[in-house]
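Asker: fold the following.
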Amino acid sequence: MTAEIGILNRSGVALAADSAVTIGGEGNEKVYNSANKLFSLSKIHPVGIMIFGGADFMGVPWETIIKTYREKLGSHKYDSLVDYCNDFILFLKTDSRLYNNETEKELVEKIFYNELLSMLNNGVNEEINNLTIIGEPVGNNDVEKIMKDELEKRLEILSEQEVILNNENFLGDFIQKYTDTIVTVLEEIVNFELQQETKDLYVEFCAKLVQSDIFSRNYSGLVIAGYGEEEIFPSLYEFQIEGIIMDELKYEERPSININSYNDETYSTAAMRPFAQKEMVYSFMNGIEPSLQENIMHIIKTTIDAYNEIITEKFSFEKDFLDFSEGISEQLVENIFREVDKIQSNNYAQPIMEILDILPKEELAAMAEALVNLTSFKRRISLDAESVGGPIDVCVITKGDGLVWIKRKHYFDPKLNYGFFQNYLKGME
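Answerer: The predicted model follows:
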């Protein structure tokens, strides 16, 4: 896992990222504190990029991709930051060195394998256990029926999702190309022969899953921040990247941050956004840990509902009064939620944002580093895996000075590699 943050105001943008990378699967994980997640996207222009989530794209490390793109970009500049983003996305789509049929097949296998395990563990096995508890015999036909029922539920959910890969021939082409791959995964996990109808249903499910706006847990996050040539205030763009499937890039742009000299629906004068592990930043901003707040709100709601049920059991009321009482309960819960939000905004988030609005660039960097450190420290003193940690890379990007490193680790000793720094800007004159 990862902890990263972008903090922006009218002076510039500060980016900070930890160095932890987790290798291996569940129960067999190892954490290294040497990963690079923060880079300059251009050697000379004020644009930075951070990665989180998946460490590679179609089997190619993101660091290699970013530095290859940086060489391609050279001294070319764009008027706006969104143009840099679009050009980088186009590079991912069109550079044939970044993907091939084998890596695409591996991506489809991984997506389906993880989703199939989730389906079996969270739906099918639970239903089988329920039947076993009440003494019902469960044969292969019964298991297959349970699997089909769970599959149809998830297909219904998929039908309501937005389609990202909307090529009109996508479903047919995908099914033709990957039916054997999906059936092979099924046969590895399910230890009895499924009917052809069930297999076909799984193939259809995988095709619609890949086509939808649902991303696997192995997706990569990209954050691009800085300035275009004609921009005097910074902005930040975030993308979710799955990979190339059927010659299309599955990706989604998240809401951007755009800084200006005023606040409205599009612009703000200061902003902060965490990425990957966000809970400590939200705790800092809102005065309470998010999961604790969620539990408290759930307790309040269930308590009010339980109170209604107790009153109903003790006294006889007309149906109209019971309907009215239920409506009052919902209104009470909404009012409590609204008041809590107001207190958090007025007493916690808003005072921080007012200070953030006027922070000089040095303090932006210090704040970014401190918030990533806070997440790392929480992980270190808790029973959770230390999936955030290591040296923290910090940079500040301003219009006048470009991207300036405040803290930057190297896998080599800079004193022994004078030639590296000599060659870095070679050809940039």
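Asker: got the contact list for G402?
Answerer: Residues in contact with G402, defined by C-beta atoms under 8 Å, 6 or more residues apart in numbering, are I44, H45, P46. Just so you know, the C-beta spots here come from the backbone N, C-alpha and C atoms, and that holds for glycine as well.
Asker: hey, what's it bridged with?
Answerer: Beta-bridge partners for G402, by DSSP bridges, are T398.
Asker: who's in contact with stretch 114-122?
Answerer: 147, 150-151, 154, 185-186, 189, 202, 206, 209, 216-218.
Asker: tell me the one among those nearest to Y32.
Answerer: Each of the contacts of stretch 114-122 was checked against Y32 using C-beta to C-beta; the closest is N218, at 18.0 Å.
Asker: Q350 versus the closest one, what's the distance?
Answerer: 37 Å (C-beta to C-beta, to the nearest Å).
Asker: the two: which is more packed in?
Answerer: N218 (15 against 12; other C-beta atoms under 10 Å).
Asker: enumerate every residue touching the closest residue to that one other than its chain neighbours.
Answerer: Spatial nearest neighbour of N218, excluding adjacent residues (C-beta to C-beta, 6 or more residues apart in numbering): G54 at 5.0 Å. Going by C-beta under 8 Å, 6+ apart, G54 touches N218, Y219, S220, I241.
Asker: which pLDDT value goes with the closest residue to F174 other than its chain neighbours?
Answerer: Counting by C-beta to C-beta, 6+ apart, F174 lies nearest to A207, which is 4.4 Å off, once chain neighbours are set aside. pLDDT for A207: 94.
Asker: what's the burial count for A207?
Answerer: Neighbours of A207 (other C-beta under 10 Å): 26.
Asker: am I right that it sits in a helix?
Answerer: Yes - assigned with DSSP: H, G, I helix; E, B strand; the rest coil, A207 falls within a helix.
Asker: residues contacting it?
Answerer: A207 is in contact with F170, L171, F174, I175, Y178, counting by C-beta under 8 Å, 6+ apart.
Asker: now those residues as CSV including secondary structure?
Answerer: Listed next are those as CSV, based on three-state DSSP:
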residue, secondary structure
F170, helix
L171, helix
F174, helix
I175, helix
Y178, helix
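Asker: got TSV for the residues you listed, with pLDDT too?
Answerer: What follows is those, written out as TSV (pLDDT from 0 to 100):
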residue	pLDDT
F170	92
L171	92
F174	94
I175	94
Y178	95
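Asker: and the end-to-end length of stretch 242-251?
Answerer: Stretch 242-251 has an end-to-end distance of 6 Å (C-alpha to C-alpha, to the nearest Å).
Asker: give me the buried entries from the contacts of G402.
Answerer: I44, H45, P46 (16 or more other C-beta atoms under 10 Å).
Asker: any idea how far the second one lies from V203?
Answerer: Here the criterion is C-beta to C-beta. By it, H45 lies 46 Å from V203.
Asker: show me what N258 is bridged to.
Answerer: Beta bridges link N258 to S235 when assigned by DSSP bridges.
Asker: that one: neighbour count?
Answerer: N258: 18 neighbours (other C-beta under 10 Å).
Asker: correct me, but it touches T269?
Answerer: No - assessed by C-beta atoms under 8 Å, N258 is found out of contact with T269, at 10.7 Å.
Asker: where does the protein have low pLDDT?
Answerer: 1, 24-29, 131, 133-138, 312-327, 383-387, 425-429 (pLDDT under 70).
Asker: hmm, try it at 80
Answerer: Applying pLDDT under 80 to the chain flags the ranges 1, 22-32, 121-139, 305-330, 379-389, 418, 420-429.
Asker: name the SS class of I65, please.
Answerer: Following three-state DSSP, the label given to I65 is helix.
Asker: what about the residue lying closest to it once chain neighbours are set aside, neighbour count?
Answerer: Of all residues not flanking I65 in the chain, F57 sits nearest, at 5.9 Å (C-beta to C-beta, 6+ apart). F57 has 24 neighbouring residues, counting by other C-beta under 10 Å.
Asker: could you list every residue that touches F57?
Answerer: So F57 contacts I65, L92, L98, Y99, S220, I241, G243 (C-beta under 8 Å, 6+ apart).
Asker: are any of these buried, and which?
Answerer: I65, L92, L98, Y99, S220, I241, G243.
Asker: quick one: these as TSV, columns for distance to E162 and secondary structure too.
Answerer: Output for the buried ones among the contacts of F57, formatted as TSV (distance: C-beta to C-beta, whole Å; DSSP: H, G, I helix; E, B strand; the rest coil):
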residue	distance to E162	secondary structure
I65	27	helix
L92	21	helix
L98	25	helix
Y99	24	coil
S220	20	strand
I241	17	strand
G243	18	strand
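Asker: tell me which two of those sit farthest apart.
Answerer: Applying C-beta to C-beta across those, the maximum distance is between Y99 and S220, 13.4 Å.
Asker: quick one: the strands in the stretch 301-429 of the chain?
Answerer: 393-398, 402-407 (DSSP state E, counting those that start in this stretch).
Asker: ok, now how distant is the residue nearest to V163 when sequence neighbours are not counted from I65?
Answerer: Spatial nearest neighbour of V163, chain neighbours left out: Q211 (5.5 Å); criterion: C-beta to C-beta, 6+ apart. From Q211 across to I65, the span is 24 Å (C-beta to C-beta).
Asker: got the end-to-end distance for stretch 47-60?
Answerer: Start-to-end span of stretch 47-60 (C-alpha to C-alpha) is 22 Å.
Asker: pull out the buried positions in it.
Answerer: 47-58, 60.
Asker: cool, stretch 362-378 as well?
Answerer: Neighbour counts using 16+ other C-beta under 10 Å place 363-369, 371-376, 378 of stretch 362-378 among the buried residues.
Asker: and of the residues you listed, the nearest to N130?
Answerer: K378 (37.7 Å).
Asker: residues in contact with the closest one?
Answerer: For K378, the contacting residues are E279, M280, by C-beta under 8 Å, 6+ apart.
Asker: now swap in E4 and tell me
Answerer: Counting by C-beta under 8 Å, 6+ apart, E4 touches 15-18, 37-38, 50, 52, 223, 274-276, 372.
Asker: element containing it?
Answerer: Using DSSP states H and E, E4 sits in strand 3-9.
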